[in-house]
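Participant: give me the fold of what follows.
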Amino acid sequence: MPEDAEIPSGWEYRGRPAYLFRRFQFSGYRETRVFLDRLAALSEEIGYYPDISFGTTYANVTVHARDGEAIGSEDITFARRVSELAQLGKTDG
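Facilitator: Numbering: from 1, shown residues only. As a prediction, the model looks like this:
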């Protein structure tokens, strides 16, 4: 991982193999679905597809090191953008 890189808030760095992980919580399926649709669009735009598992009120996202060895700045930027998408999907009830 780049020494000057900061892991986005809420994400965990795990090694062997290197990846970033975060669980996003939502109030219901509608919010979860909005997030997943936006994440799909981002993945298509960038050409990177994280591992995703989800349920009614959550989505687990795993961003693997693109080079297969170390988390790089592109991986961190992608994770940051995913966090922003999660905030866009929140509703007031």
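Participant: just checking, what packs against the helix or strand where residue 39 lies?
Facilitator: Element membership for residue 39, per DSSP states H and E: helix 29-46. Under the contact definition 3 or more CB pairs under 8 Å, 6 or more residues apart in numbering; DSSP states H and E, helix 29-46 sits against strand 51-55, strand 58-64, helix 73-88. C-beta coordinates here come from the backbone N, C-alpha and C atoms, glycine included.
Participant: ok, 10 Å please
Facilitator: For helix 29-46, the helices and strands in contact under the criterion 3 or more CB pairs under 10 Å, 6 or more residues apart in numbering; DSSP states H and E are strand 19-25, strand 51-55, strand 58-64, helix 73-88.
Participant: got these as JSON lines, with distance to residue 11 columns?
Facilitator: Output for those, formatted as JSON lines (distance: least, CB to CB, whole Å):
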{"stretch": "strand 19-25", "distance to residue 11": "5"}
{"stretch": "strand 51-55", "distance to residue 11": "14"}
{"stretch": "strand 58-64", "distance to residue 11": "8"}
{"stretch": "helix 73-88", "distance to residue 11": "5"}
